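[1] 3D, please:
(3 chains)
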Amino acid sequence: MDRSRAALIGLLLVPAVFLALFYLYPLVSILAVGLAPGGQPDLSGFIEIVTSAYYRDTLGFTVAQAVLSTALTLLLALPGAYVFARYDFPAKSLLMALATLPFVLPTVVVAAAFSALVGPRGLVNEGLMAVFGLESPPVQLERTLAIILIVHVFYNYAVALRIIGGYWANQNPRMEEAARVLGAAGWRLWWEIRLPVLRPALLAAGVLVFIFTFTSFGVVLILGGPRFATLEVEIYRQTANLLNLPMAAGLSLVQIGLMFVMLAVYTRMQRRVSADVVSAASAARPPRTRRARALVSGNLLFIAVMLFAPLLALVVRSFTVGGGGFTTRYYELLFTNVRGSVLFVPPVRAVGNSLVFALATTALAVALGLITVYLLSQRGSKWANWLDPLFMLPLATSAVTLGFGYIIALDEPPLNLRASPLLIPLAHTLVAMPFVVRSVLPAKRSITPHLPEAARVLGASPWRVWRWVDLPLISRGLIVGAMFAFTVSMGEFGASLFIARPDAPTMPVVIFRLLGQPGAANYGQALAMSVLLMVVCAVGFILIERLRTAGMGEF
Amino acid sequence: MKTRWLVVLLLFGLAAFPTFAQDNTLTLVTHDSFNVSESVLAAFEAETGIRVEILRSGDAGTMLNQSILSKSNPLGDVLFGVDNTFLGRALDEDLFVPYESPLLDSVPEALRLDAEFRVTPIDYGDVCLNYDIAYFEDNNLPLPAGLQDLTKPDYKGLLVVQNPATSSPGLAFLLATISAFGTEGDYTYLDFWADLVANDVLVTEGWEEAYFGQFTAGGGDGTRPLVVSYASSPPFTISEETGQPTTASITADDTCFRQIEFAGILRGTDNPEAAQMWIDFMLGPAFQEDLPMQMYVFPANQDAALPDEFAQFAAIPDNPAVVPFEDINANREEWIQAWTEVVLR
Amino acid sequence: MLEIRDVVLSFGDLPVLRGISLAAAEGEIVCLLGPSGCGKTTLLRVVAGLETPARGDVIFAGRSVREVPVHRRGFGLMFQDFALFPHMDVAGNVAFGLKMQAVPAAERQRQVQEVLSLVGLAGFERRDVAKLSGGEKQRVALARSLAPSPRLLMLDEPLGSLDAALRERLVIEIREIIKQVGRTALYVTHDQHEAFAIADRIAIMNEGRFEQVGMPEAVYRRPASAFVARFLGLNNILPVAGREGNRIRTAVGQFRLEAHADAEAVLLHPDGFEPSAAGSPEVIAGLVERRVFLGDAYQFQLRAGGVGLMFKLPAQADGLPQVGENMSVRLLPEYVVPLNGRDGVNG
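    Numbers count the residues shown, from 1 in each chain, chains lettered A, B, ... in the order given. All right, here's what the predicted structure looks like:
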């Protein structure tokens, strides 16, 4: 009994050790170099941040755009989440899978997609100019705050849709009907019932989207242009370009500190919510009234315009780059090593590399994330209040800061990982784990202690209790978490680029390489590879969704 | 039952700590634009028995900064890819041990910047304005004859450049303007940039967005026919139908800036002989002649033959702008800061 | 007060309500009784406005409510699973309807307290609804639907999730509360005892239609169809083998029917049997297959004419036969009930 208890405690500590080793240790190392180079404390960076109007403005802009982006994303995703939670319609799970695609695309590619759609020479402007005989493009979105916000919504819509929609589907639909019968309608229904009931999901989605947009890098740089800068951008410039480590460390601390406070508040709020999870069969049904049909088609139309139109523009462009009409040339070129380069990778191998890393990441993130969930839901543990936000922090930490931390911290055997390909799944897991934790924790918390106790009384071993009581109840959250872990790994290229060995590039790394070379042929191939990345991910999503409905049943 | 998991994780943990004990391996630390032909590299490995590990860590700046941070325990044996805009920082940090390659005799004097041989020039590339040939022909627009022309109304809204704070060609172009207009006097480089801003110059963060996103002939949906890129870019825009490139570079005097890329043996290497062999190899004809089509740069070794496309379509400016690397190192941040104030704020 | 007129509704291809009509007088409690899936919950939802019927109308207080949206109907609906608002305490739940009617806070508080004490939950105002017991949740749900004084109260299997003892007690309480506030009510259940205890009138539903509507006693004493009889646990249903005027012939003997002499099946109501001397006319003779002592009575199963008949006899009766012995019984004439059996008749 004692031995198994010790083993259990050991198991629970594994994710904590993982976090300490691969996150805290490198982070503290690099921050120490910045704040106390040579052992002498140097707070000049801090002082400049506090006194300079530029950094205050940067912080102000970072917060403002993140708040706006988050609010906009939640606002637009809410009706969509309602539709997905309450109605059944053809190809629903396929649509949900496709809506997650933007999440995997590199920013440069997304910029290309939006440029192809709404740029000055994009499809929309060309169409409008032709129809109305205009001289100049009527839609001018380049380098505006508006395009930053739109692309943030494009990226994060699926996050909000999945988290809110998944939670909503588990809520008793009669609750809302009860409110309507009692006289609630319109905004009062939203304000008094729907929003409060959805609060845990809104908070979860809001916090994730806020973190993503607060630390937004590529979107702000490429679509906003150099005039806009977030803290993350500034940290990158100070680290990678200027090697001003005191300043970078100061900015990193400000960013991480802010995020930690916000996450601590959030996890505390989240713990107090007692969710009334109905694990009944899905309450979704086909839209029967005209109103319901209008609502469903309206939202699907929105998703089509907001998410699929840019993706489609990208697909179209991958066949038409170079202006010579439709051609499959760029796809063919992907398979040919024109210059006999040692770094040439046939697409199949890039796909293979990406899949291997993504599957390793998914497995690792799910295993560690699951254990973390149990660690965090130990009853009466005070430190869970601090551990929970800590596990989320990797999401809020600049990749370049952590990358530099790896370089100086993980440089001695037995932890000489600087040049190891294992660093990729490890780094990806760090970022993917919070998704698993956030998706599973609410479901785990809603399991009343009576259930496992009842099962144990019936003679089930702890393992069987977990397998037959816990797992079915948390499996929906687990699938969502696994899906995001897979996505994060497939689309990530910062860490991959940083540590990727030339013999094992992932798909995003190949895209990035192609974009580093001039000429329409390279550009066309980059777009073709992006389309391939989307296809592989879409297939992956659909398979994972299948797993849920076939293997484990619909819970 | 759960202890089994623990064992699995432990095993995974152990697997994560491979030992690097291969003796005759050379690790090349480089940036993500590095490339080489399979056959060329294989010949080196076969000839010397040295296995080459290529470690690409981000762009040139990131790679250099990583190497500086890890200099007490270097990432590899040889570093390739530091250029004259950042050379001063690398030398100040004392990253390299000197080595004088016998092949240096074939390298022109102008490329050999370090008298102490801590770094060896491998290639150079000229950052020049590229233009969309069709656009200028269709609009009967003459090419700008020099940088000053870019501030004329004819070229309003036509140019896209990169942010020198984050982009290597962006910094190179800034240096070209500093060389042309100076930092003191009636009309400094900042006055020129103020005029450029008034003439609606567009600044992007990186080269990719400028070339593919904003340039009219880059393949994307851009609207600007003038872009800061490389003199070696046009060969990559050769049209399949006409056999002619759709772009060309402007190589007028003082409009281009020459970037010279160096390799150096990292201090602390435990394989200095292999490192020296690699430096010699990089300056040798096989690698030098492979360079242009792999990395779009010109070989430093003047004995190396240029590939046809380069000989035909990649222009070499006669008089590129020159700023001594020591000056660059001393003033880089200040110049960029002043530029940022004028152009971005 | 309430009139449901020929309501038809389908879910996709599946017909759920096939022409339902029903009227309820003011203050009357009408119970919709039927097996699960018969459409009774859907009918409630139609009246509440949560479903839109393909045809038919709901008239309340002389006016059609077809075009009145759910939240303006002013009806109360208590759900089977209570559907309490988890983000509000007990008082918040109960006050919700009043709040929607813009009742001032002070008045709201007074009414909440009044309703809570009516359902026996005085002092529970600040309790968290997630921490209540099943019975307490049920009372909160009832209080919530009562608080805004709905013109019509609908309860959908309100006791379904409770245990039998609690159910028995609460059903009487609910009837008293409804009668106390004097509301018209529709009450849905699949439990006949619950229905008998609470209803002024019972409507028995089957496959989207009413089989029979009437007072509980009438429905029980004179079920209109084999379905109703069987649903109420009355299983002595025999096919009519032949007829002669108003006399019919069955497997166990001949009976006289006062009306509906053309019925194809009859129910020999188990409450109408009495011991009889062998050989007298209209006597049923057979073999005792089972005899179960119930305290005040014996439950008999008698095999006669190849059919097993079930009935109870008072325990005080003398000389009741044992299992395996012969027995003769007589059926009082008014307990021979003609059935318009659409469905099959068993032996």
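[2] hey, which helix is longest across the chain?
    You didn't pick a chain, so chain A it is. Secondary structure of chain A per DSSP state H: the longest helix is helix A:53-86.
[3] try again with chain C
    helix C:164-181.
[4] tell me which residues are up against whichever helix or strand comes after it.
    Using DSSP states H and E, the helix or strand that follows helix C:164-181 in sequence is strand C:184-189. Applying C-beta atoms under 8 Å, 6 or more residues apart in numbering or on different chains, the external contacts of strand C:184-189 come out as C:1-2, C:24-33, C:40-41, C:44, C:47, C:151-160, C:178, C:195, C:198-199. Bear in mind the C-beta positions are built from the backbone N, C-alpha and C, glycine included.
[5] mark which of the residues you listed are part of strands, please.
    C:2, C:24, C:29-33, C:152-156 (DSSP state E).
[6] okay, now the sheet partners of the longest strand seen in chain B, with direction.
    When chain B is parsed with DSSP E, its longest strand is strand B:120-132. With DSSP bridges as the test, strand B:120-132 is paired with strand B:226-230 (antiparallel), strand B:247-250 (antiparallel), strand B:257-266 (antiparallel), strand B:298-299 (antiparallel).
[7] residues near the one residue in the stretch 101-250 of chain C that gets nearest to chain A, how many?
    Residue nearest to chain A within the stretch 101-250 of chain C (C-beta to the nearest C-beta): C:A130, separated by 4.9 Å. Other residues near C:A130 come to 13 when the count uses other C-beta atoms under 10 Å in any protein chain shown.
[8] next: the one 5 residues further on.
    Using other C-beta under 10 Å as the criterion, C:G135 is surrounded by 17 other residues.
[9] that one is in what secondary structure piece?
    helix C:134-146.
[10] contacts for that helix, please.
    For helix C:134-146, contacts defined as C-beta under 8 Å, 6+ apart pick out A:178, A:181-182, C:76-79, C:82-84, C:90, C:93-94, C:96-97, C:112, C:115-116, C:118-121, C:124, C:129, C:132, C:153-155, C:158-159, C:161-162, C:166, C:170, C:174, C:177, C:181, C:183.
[11] kindly report the residues of chain C close to chain A.
    Residues of chain C lying close to chain A by C-beta under 8 Å from any C-beta of the partner chain are C:11-12, C:48-50, C:52, C:69-77, C:79, C:81, C:83-88, C:96-97, C:99-101, C:128, C:130, C:144-145, C:148.
[12] which of those fall in strands?
    Among those, the residues falling in strands (DSSP E) are C:11, C:75-77.
[13] now do the longest helix along chain B: distance to the chain's middle.
    Using DSSP H to define each element, chain B has its longest helix at helix B:325-343. Chain-centre distance of helix B:325-343: 18 Å, with C-alpha atoms, centre = their mean, to the nearest Å.
[14] list of residues touching it?
    A:242, B:84-89, B:92, B:113, B:164-165, B:171, B:174-175, B:178, B:183, B:189-190, B:193-194, B:196-197, B:201, B:203.
[15] now that helix and strand B:257-266, what's the angle there?
    Counting by axes from the mean of the first three to the mean of the last three C-alpha atoms, to 10 degrees, helix B:325-343 lies at 130 degrees to strand B:257-266.
[16] okay, buried residues for helix B:325-343 please.
    The neighbour-count check on helix B:325-343 (16 or more other C-beta atoms under 10 Å in any protein chain shown) flags B:325, B:327-329, B:332, B:335-336, B:338-340, B:342-343 as buried.
[17] would you turn the residues you listed into a markdown table with pLDDT?
    Shown next, in a markdown table, are these (pLDDT from 0 to 100):
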| residue | pLDDT |
| --- | --- |
| B:F325 | 94 |
| B:D327 | 95 |
| B:I328 | 95 |
| B:N329 | 93 |
| B:R332 | 92 |
| B:W335 | 95 |
| B:I336 | 93 |
| B:A338 | 94 |
| B:W339 | 95 |
| B:T340 | 90 |
| B:V342 | 93 |
| B:V343 | 92 |
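[18] if we can go back for a sec, list only those of the residues of chain C next to chain A flagged as buried.
    Of these, these count as buried by 16+ other C-beta under 10 Å: C:48-50, C:70-71, C:73-77, C:79, C:81, C:83-88, C:96-97, C:99-100, C:144-145, C:148.
[19] show me where chain B has strands.
    B:25-30, B:51-56, B:78-83, B:96-97, B:120-132, B:159-162, B:202-204, B:226-230, B:247-250, B:257-266, B:298-299.
[20] let me have these in CSV, adding mean pLDDT and mean neighbour count as columns.
    Listed next are the strands of chain B as CSV, based on pLDDT from 0 to 100; neighbours: other C-beta atoms under 10 Å in any protein chain shown:
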stretch, mean pLDDT, mean neighbour count
strand B:25-30, 92, 22
strand B:51-56, 87, 19
strand B:78-83, 95, 26
strand B:96-97, 96, 21
strand B:120-132, 96, 26
strand B:159-162, 96, 26
strand B:202-204, 93, 25
strand B:226-230, 96, 27
strand B:247-250, 94, 24
strand B:257-266, 96, 25
strand B:298-299, 93, 24
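[21] mind putting those in CSV, distance to A:D57 included?
    Below are the strands of chain B laid out as CSV (distance: least, C-beta to C-beta, whole Å):
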stretch, distance to A:D57
strand B:25-30, 37
strand B:51-56, 35
strand B:78-83, 32
strand B:96-97, 40
strand B:120-132, 31
strand B:159-162, 23
strand B:202-204, 18
strand B:226-230, 28
strand B:247-250, 37
strand B:257-266, 32
strand B:298-299, 43
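[22] outline the domain layout of chain B.
    The record's domain parsing of chain B by automatic domain parsing lists B:23-124+B:258-313, B:126-257+B:323-343.
[23] follow-up on the earlier one: among the strands of chain B, which is nearest B:V40?
    Nearest of the strands of chain B to B:V40, taken as C-beta to C-beta: strand B:51-56 at 10.9 Å.
[24] what about chain C, any weak spots by pLDDT?
    C:161, C:261, C:281, C:341-347 (pLDDT under 70).
[25] and for chain B?
    B:1-23.
[26] show me what residue of the stretch 201-345 of chain B gets nearest to chain C.
    Closest point on the stretch 201-345 of chain B to chain C, by C-beta to the nearest C-beta, is B:E205, at 45.1 Å.
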